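Q: Sequence and predicted model, in that order:
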Amino acid sequence: MAYLANRDKKTYDVVVVGAGAAGIACVKELVDRGYRNIACLEATDKAGGRVRFNSKFGDVGGMSLHLPNKFLKVQNLHSEFWGASDLVKFANKNNFSFYRENNRPKFRLYHNGQKIKEGIVNHANSLIMNAIKSAIDKIKKKELPAEISLGEALSDLLEDDICRSLITTVYSTTDTGLDVEDISFVDYTNTMPSNPGLFPIDGMGTLLSAYARPIRQYISFNKEVLAVRNDAGLITVSGLDTKTGTSFGMNAKTLVLTVSIGVLQSWTKEEKITLAKEKILAIDNIKMGRLNKNILLMKEKFFTENNIRTFTHINIRSNRLDQDANFLAVNLHGKHFMINFVGGKKSLRYEKKGTAFARKDSLKILASVFGPDVYEFFIDSYLSQWNTNKFFHGAYTASTKENLNARLELSEPLDKNIYYAGEAVRYLVDEISYHTHISGALHSGFMTANAVIRNLEF
């Protein structure tokens, strides 16, 4: 859009940085409430943030709209998941269809190429779920410290080989990108994979882009923010138009940042924004769970020959390969995917060595279980690389056991009239916020918009 370049130094009531899920939700709520003197700056060429969709691979960023059971009926959503509720209503109204994740995930565990009996795996998963529920009750009764790691909470089960396999993959690095010893138990319980999710058949990226269409006039693409200055309550935003190479600048009465936590950390280190020490500490204490997806597009025959149904966790332990792995078998968008979730150091290794290495390694792991026919069933692959993208760096967040309160600190304004929204934020200590999922980002955007409105009207 050209209007920002033509109106340099115009003062806006609200400037939102980022047109991801949180930014879209924030702008939409402001517009719905009657605010028009607003602008949204997006560094890339499309809305949606890290959520990306293409016809070959489907969603390559966030996939699931996580909602607890009691809020699955649309009429019951609005009281807590404002953004998720609005998005679901929009989807239904505009004929978007949803897949429903199974209430009880299906697990298949293979150890050195041999399939472990389904009943044994299900029993292990039940033990884990019961231990999680027990730990939650004990924390509420103060029989366990609130700042405990997932590994500490489930320490007895880690002695069992099968339980350990599930805990160290599905219940930690797959969902958070952190090892079981690092992830905060309380933080993890807000991202448990057993919670049911909705998967748009048309792709979350497509749905979010359509959702942003009514506010398109307020979004300016290819606008990278380079500096933020807060002087006497008037915020100056300066940046670069990455398409034309020209500079731009504007003033804002209120600023909402929805950039990823990794980007915000780099801003404070490079002094692109000046904040109080306690805010910088909170920002630095949000850990970036290194997480990527190596998506393998397979022939349908691979699923049928191996009796694999959708939303099945293929969990692989292999002493021969010296690694554990977790794949999610998904039939979405009319295609069959094996998604290799990689977290921590392995995620960074995949990014460093690239798509060809990730494809070869993933197929090697699958072949150790399903045999060499895997290579014949393979069609194509895609590797997400969120940590190397300077706009999405740190888009997956997690909290270690010592730093749970950092999320709450970020729910308060970063500075006078400067707010932060996104999946890194948690608003209430006793609220199931699903903050690290797209539901949490949407919820955060709506919550922040309402906080901004209260401040403007005061």
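A: Here it is on my side, so go on.
Q: Mind listing what's buried along stretch 144-154?
A: 144, 147-154 (16 or more other Cβ atoms under 10 Å). Where you see a C-beta, it was placed from the backbone N, CA and C, and this is true even at glycine.
Q: Just the C-alphas of it, formatted as CSV.
A: This file holds the C-alpha atoms of stretch 144-154, laid out as CSV (Å, rounded to 0.1, in the frame of the first residue of the first chain):
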residue,chain,number,x,y,z
LEU,A,144,4.4,-30.1,44.5
PRO,A,145,6.2,-26.8,43.7
ALA,A,146,4.6,-24.8,40.8
GLU,A,147,8.0,-24.4,39.2
ILE,A,148,8.7,-28.0,38.4
SER,A,149,9.8,-29.5,35.0
LEU,A,150,7.9,-32.0,33.0
GLY,A,151,10.7,-34.5,33.6
GLU,A,152,10.5,-34.0,37.4
ALA,A,153,6.8,-34.3,37.4
LEU,A,154,6.9,-37.6,35.5
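Q: How much space separates Ala441 from Gly62?
A: 8 Å (Cβ to Cβ, to the nearest Å).
Q: actually Leu456, not the one I wrote
A: 30 Å.
Q: Could you check how far the closest residue to Gly58 other than its chain neighbours is from Gly34?
A: Excluding the flanking residues, the one nearest Gly58 by Cβ to Cβ, 6 or more residues apart in numbering is His333, at 4.4 Å. From His333 over to Gly34 the distance is 38 Å, taken as Cβ to Cβ.
Q: between Leu456 and Gly62, who's got more neighbours?
A: Gly62 (25 against 14; other Cβ atoms under 10 Å).
Q: the helices in the stretch 1-150 of the chain, which residues?
A: Using DSSP state H, counting those that start in this stretch, the helices of the stretch 1-150 of the chain run over 3-6, 21-32, 82-93, 118-140, 150-153.
Q: starting at the chain centroid, how far to the fourth one?
A: So the one you mean is helix 118-140. Its chain's average C-alpha position is 24 Å from that of helix 118-140, according to Cα atoms, centre = their mean, to the nearest Å.
Q: what stretches of the stretch 51-200 of the chain score poorly on pLDDT?
A: 68-82, 101-105, 192-196 (pLDDT under 70).
Q: Surely Ala256 touches Val452?
A: Wrong residue type there; residue 256 is Val, not Ala. Yes. Look at Val256 against Val452 with Cβ atoms under 8 Å: they come within range, at 6.5 Å.
Q: shared neighbours of these two, anything?
A: The contact sets of Val256 and Val452 overlap at 14, 26, 419 (Cβ atoms under 8 Å, 6 or more residues apart in numbering).
Q: Scan the residues you listed and report the most crowded one.
A: Cys26 (34 neighbours).
Q: And the pLDDT for it?
A: Listed pLDDT for Cys26 reads 96.
Q: wait, doesn't it sit right on Val17?
A: No. Using Cβ under 8 Å as the test, Cys26 is too far from Val17 to be in contact (10.2 Å).
Q: Quickly list what's touching both of the two.
A: With Cβ under 8 Å, 6+ apart, Cys26 and Val17 have common neighbours 256, 258.
Q: How is the protein divided into domains?
A: Using automatic domain parsing, the domains assigned to the chain come out as 3-50+69-95+199-288+392-457, 106-195+291-383.
Q: Can I get those in CSV including distance to Phe57?
A: Converted to CSV, those look like this (distance: least, Cβ to Cβ, whole Å):
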stretch, distance to Phe57
domain 3-50+69-95+199-288+392-457, 10
domain 106-195+291-383, 4
